[in-house]
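**Student:** please work out how this folds:
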Amino acid sequence: MAKKVSPIPEGWHTLSPSLIVRDAAKAIEFYQKAFGAKLLDKHVMPDGKTIMHASLKIGDSIFMLADEFPEWGAVSPQSQGGGSASVSLHLYVEDVDSSFQRALSAGATVKMPVADQFWGDRYGKLIDPFGYGWSIGTRVREVSPAETQKAAAAFAAPPSDKKRSA
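**Tutor:** So this is what the prediction gives:
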């Protein structure tokens, strides 16, 4: 009798991002330097250099990436106007400050500096060299849903509605 195959491969989660990048080989190097990614597998086209699929793991999460294939409609954020992608990825880490600095040293740019946030995380945002946004956070305090809602309302209030401190 044939062994039953698991519908979700071992080590994978139900949802796994797949990124299209310009120069997947450089992207793999960047993600290894910036976030400590480990390359799990890589499949190259017959030309010997175009990456049709790679799987990488950061912490306990796996994501995929591939080079652009415009003929198949697979293009990177860089080919769609150069701004950041309409998707961002979030990492929870032990030390957001050192992880953020590591990503900057690897070539990311700051979108939002690391700071303590009202929802309980120390948190910042980066744009990687391939146009994808990354947020990085470390939970520093527990905040109840009611406290978060109250703080979110205060955060979103127009400046004229915010109380000034003396």
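**Student:** next, the spatially closest residue to Val114 that is not a sequence neighbour: secondary structure please.
**Tutor:** Ranked by CB to CB, 6 or more residues apart in numbering and with sequence neighbours excluded, the top spatial neighbour of Val114 is Gly124, at 3.5 Å. For every residue, glycine as well, the C-beta is placed using N, CA and C. Assigned with DSSP: H, G, I helix; E, B strand; the rest coil, Gly124 falls in the strand class.
**Student:** look up how far Ile51 lies from Asp41.
**Tutor:** 11 Å (CB to CB, to the nearest Å).
**Student:** and these two? Which one has more around it.
**Tutor:** Ile51 (18 against 9; other CB atoms under 10 Å).
**Student:** and the closest residue to that one other than its chain neighbours, what does it touch?
**Tutor:** Nearest residue to Ile51, sequence neighbours excluded (CB to CB, 6+ apart): Ala24, at 3.8 Å. Applying CB atoms under 8 Å, 6 or more residues apart in numbering to Ala24 gives the contacts Thr50, Ile51, Ala54, Leu65, Ala66, Asp67.
**Student:** any of these buried? List them.
**Tutor:** Neighbour-count burial (16 or more other CB atoms under 10 Å) applied to the contacts of Ala24 gives Ile51, Ala54, Leu65, Ala66, Asp67.
**Student:** sorry, back to before: for Phe130, see how far away the residue nearest to Val114 is.
**Tutor:** 18 Å.
**Student:** one more: Asp47?
**Tutor:** Distance from Asp47 to Phe130, by CB to CB: 20 Å.
**Student:** more neighbours: which of these two?
**Tutor:** Phe130 (23 against 6).
**Student:** you'd agree the more buried one is up against Val21?
**Tutor:** Yes - between Phe130 and Val21 there is a contact at 4.3 Å, judged by CB atoms under 8 Å.
**Student:** could the C-alpha coordinates of the helix or strand harbouring His90 be exported in PDB?
**Tutor:** His90 belongs to strand 88-92 when elements are defined using DSSP states H and E. Only the C-alpha atoms of strand 88-92 are listed here, as PDB (Å, rounded to 0.1, in the frame of the first residue of the first chain):
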ATOM      1  CA  SER A  88       5.000  43.500   2.700                       C
ATOM      2  CA  LEU A  89       6.500  40.800   4.800                       C
ATOM      3  CA  HIS A  90       6.700  40.800   8.600                       C
ATOM      4  CA  LEU A  91       9.400  39.200  10.800                       C
ATOM      5  CA  TYR A  92       9.200  38.700  14.500                       C
END
